[in-house]
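Novice: okay, predicted coordinates and the sequence, questions at the end:
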Amino acid sequence: MKKVIIDSDFGIDDAVAVLLALESKDFEVLGITTVYGNVDIKQATNNAYFLLEQWNYNIPIFRGEEMPLEKDLYISTETHGKNGLGNIIVNKDYEPADQKDAWEFIIEMVERYPEEITVITLGPLTNIASAILKNPTAMIKVREIVSMGGGILKGNMSPVAEFNIWCDPEAAKIVYDAEIPIKMVGLDVTHRVILTPNHIEFVKLIGGEKGEFLGKILDYYTSYYWNHERILGCVMHDPLAVAIAANQSLAKYVHSHVDISLNGITRGECVVDLVDAWCNQKNADVAVDVFPEEFFDYFFRSLFRNNVN
Ligand code: BDR
Ligand code: CA
């Protein structure tokens, strides 16, 4: 079992990804850290508590950064609904009791388990950058970061910038420059794993109460994709990162130099030097191809381990 920390901005695909990780037999989830992004930090943390309490997971949650390092805060309420979970009722207000900050928890775990921790990032990279800024010597001992973010040929906030990187490009640059092994799981591959309306009916049918809950939030996410992108189904961005953290053979990678654009019309772009034109140090394994059938096999078998044979 891999020791993992999941860093998330708790939108809909984040919730699915976190449940996938918690249900999978491949991970020991040491803790969950929250970050602004799809919703503000308070709502992201509320969503984390709600989700874990609802399904009886006893995993610590650490509230993370509420703002990007330099950029203005931008919250995307449209894609995931006002509360990040398709506007289903999250009726409790969970204030974390005297907890450490996310960055503090991440450093503590890496110091306790050097070279053993995989950090899965599903939102803007501000918490990870903060941890690197506070203690670079500890953070170099992260075994691997598997990061949903960026894109080689695609953006979703600009022609070239993907949301998680676009939200805090300065943080992304710190993370990519830190010499920690990174797997970049960008839009080029996530847009090839589409959960269809048929899949969602299957989730409702076999998933018991959890399936009903997932069905509701996934229906919301599906309407967003239909209304805005004419995609019939919803894109499994964050679950793909979790699945790849469990089983890297779900994708193919090119070991490349990745730089983050901080300026001008390309601000927030992950510039991937696939052809080694700059001859710079290669700092990431960039997913360039994915095996959707294998992904969905892993997804359903892990998420509903107790429901399907
Ligand atoms: C990313 O942005 C968020 O809306 C999703 O949760 C995912 O992490 C995709 O660009
Ligand atoms: Ca996310």
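Specialist: Sure thing, it's come through. Ligands and ions are numbered 1, 2, ... in the order given.

Novice: ok now stretch 103-117, how far from the chain's centre?
Specialist: 19 Å (CA atoms, centre = their mean, to the nearest Å).

Novice: what comes up buried for it?
Specialist: For stretch 103-117, burial by neighbour count (16 or more other CB atoms under 10 Å) applies to 103-110, 116-117. The C-beta positions use only the backbone N, C-alpha and C, and glycine is treated the same way.

Novice: can I get the residues you listed in CSV including pLDDT?
Specialist: Putting these into CSV (pLDDT from 0 to 100) gives the following:
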residue, pLDDT
103, 98
104, 97
105, 97
106, 98
107, 98
108, 98
109, 98
110, 98
116, 98
117, 98
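
Novice: show me those residues that map onto strands.
Specialist: Here DSSP state E is the test, and the buried residues of stretch 103-117 give residue 117 as lying in strands.

Novice: tell me the one of the buried residues of stretch 103-117 nearest ligand 1?
Specialist: Checking the buried residues of stretch 103-117 against ligand 1 by CB to the nearest ligand atom gives residue 106 as the nearest, at 18.4 Å.

Novice: once you drop chain neighbours, what's closest to the closest one?
Specialist: Once flanking residues are discounted, residue 106 sits nearest to residue 131: 4.5 Å by CB to CB, 6 or more residues apart in numbering.

Novice: ok, residues contacting the longest helix along the chain?
Specialist: Assignment by DSSP state H gives helix 208-229 as the longest helix of the chain. Outside helix 208-229, the residues that touch it by CB atoms under 8 Å, 6 or more residues apart in numbering are 12-13, 15-16, 19, 54-55, 78-81, 85-88, 195, 197, 200-201, 203-205, 207, 231-235, 304, 307.

Novice: any part of stretch 65-79 near ligand 2?
Specialist: No - judged by CB under 5 Å from the ion, stretch 65-79 stays clear of ligand 2, getting no closer than 9.4 Å.

Novice: that stretch: which residues count as buried?
Specialist: 65, 68-69, 71, 75-76, 79.

Novice: can you name the two of these that sit furthest apart?
Specialist: Of all pairs drawn from the buried residues of stretch 65-79, the widest gap by CB to CB lies between 69 and 79 and measures 22.9 Å.

Novice: contacting residues for residue 59?
Specialist: Applying CB under 8 Å, 6+ apart to residue 59 gives the contacts 22, 29-32, 52.

Novice: any idea how many residues pack against the residue of the stretch 101-250 of the chain at minimum distance from ligand 2?
Specialist: Among the residues of the stretch 101-250 of the chain, residue 122 lies nearest to ligand 2; the distance is 4.2 Å by CB to the ion. As a burial measure, residue 122 scores 30 neighbours (other CB atoms under 10 Å).

Novice: thinking again about what came up before, could you give the separation of the helix or strand that the longest helix of the chain is followed by from the chain centroid?
Specialist: Per DSSP states H and E, the first helix or strand lying C-terminal to helix 208-229 is strand 234-235. Per CA atoms, centre = their mean, the displacement of strand 234-235 from the mean C-alpha position of its chain is 14 Å.
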